[in-house]
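J.: Provide a 3D model corresponding to the input given below.
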Amino acid sequence: MATIKTKAVVLGGVNIKEKDKLVDLFTLEEGRMTVSMKGVRGEKAKLKMAKEPFCFGEFVIEKGSGSGVVTQVEIIDNFYDLTKDLDKFYEGCAILDLARAVANESDPRIFIELLQALKTLCYENVRKYYVFDKFLLKITEILGFSFDKTNCESCKANLNLAYFDLNKGCLVCPNCKTENSIKVGKDTLKALQILSETDYDKLASLTLAVTSEKEVLKILALNLEWRVGVRVLKIK
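T.: Numbering: from 1, shown residues only. Model prediction:
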């Protein structure tokens, strides 16, 4: 039986037996892992806080023939304040869901983005959706599907009026749009440009046009769904 020590974020889990839990981890070194945590649902359990979603720590795992067993955890941050704000909690859950969908293989870049997103959401006063939008943009970039926010992908014309081509995953001008292109408002185009250029630690300073907030999220979510088949949100 091998023992590994890895930094990880708890993505979720399922209760089993009387006091055990199967926990879904996103680890820095090995990507996504399902591990068992024994007795953690007991009232006086030593590791009971380490089983909760958002918990970030250094996990010691005994790996055998089945799922690994967590024997020790040093909690670094549990992002507890996310549970005090319903909007932040739901946005945080959406971030974990997206990480779960794309973290099957080890990629330290996704792990770092996840930590940056959770830290910003938890400790900064950022408007609703902005952190998730930034996380979506970064994940799309890491997966190799970034797109030009300034010029038409087809003819390279400067984008004054823009459409998002779902087939190609890019912004195009009115002359290059296809039947699977959706119109992008001017405020939304500007918001995409600003979000792309703004680091997590500067998101709290942003106030984007209200008309752009939901449309940015819709475009980014649809783009990822079309590229890799990941359903991010049910968007009306």
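J.: what's the domain layout of this structure?
T.: 2-79, 124-228 (automatic domain parsing).
J.: quick one: closest of those domains to Gly92.
T.: Nearest to Gly92 among those is domain 2-79; the distance by Cβ to Cβ comes to 6.3 Å. Any C-beta I mention is one placed from the backbone N, CA and C, and that applies to glycine too.
J.: in JSON lines, list the domains of the chain along with distance to Glu91, mean pLDDT and mean neighbour count.
T.: What follows is those, written out as JSON lines (distance: least, Cβ to Cβ, whole Å; pLDDT from 0 to 100; neighbours: other Cβ atoms under 10 Å):
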{"stretch": "domain 2-79", "distance to Glu91": "12", "mean pLDDT": "91", "mean neighbour count": "17"}
{"stretch": "domain 124-228", "distance to Glu91": "5", "mean pLDDT": "94", "mean neighbour count": "17"}
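J.: closest to Asp87 out of the ones you listed?
T.: Ranking the domains of the chain by proximity to Asp87 (Cβ to Cβ) places domain 124-228 first, at 5.5 Å.
J.: between the two ends of the closest one, how far is it?
T.: From its first residue to its last, domain 124-228 covers 30 Å (Cα to Cα, to the nearest Å).
J.: and that domain, how far from the chain's centre?
T.: Centroid separation for domain 124-228 versus its chain: 16 Å, with Cα atoms, centre = their mean, to the nearest Å.
J.: show me what the helix or strand containing Asp87 is packed up against.
T.: Per DSSP states H and E: Asp87 is located in helix 86-102. If you count contacts as 3 or more Cβ pairs under 8 Å, 6 or more residues apart in numbering; DSSP states H and E, helix 86-102 packs onto strand 2-16, strand 20-27, helix 108-123, helix 130-142.
J.: give me the angle between the first one and helix 86-102.
T.: Read it as strand 2-16. Interaxial angle, strand 2-16 versus helix 86-102 (axes from the mean of the first three to the mean of the last three Cα atoms, to 10 degrees): 130 degrees.
J.: biggest helix in the protein by residues?
T.: When the chain is parsed with DSSP state H, its longest helix is helix 210-228.
J.: let me know the outermost residue of the chain.
T.: No residue in the chain sits farther from the centre than Asn175, which is 33.8 Å out by Cα atoms, centre = their mean.
J.: quick one, what contacts that one?
T.: Cys152, Cys155, Ala157 (Cβ atoms under 8 Å, 6 or more residues apart in numbering).
J.: report pLDDT for the most centrally placed residue in the chain.
T.: What sits nearest the mean C-alpha location of the chain, by Cα atoms, centre = their mean, is Ile95, with 3.4 Å. pLDDT for Ile95: 95.
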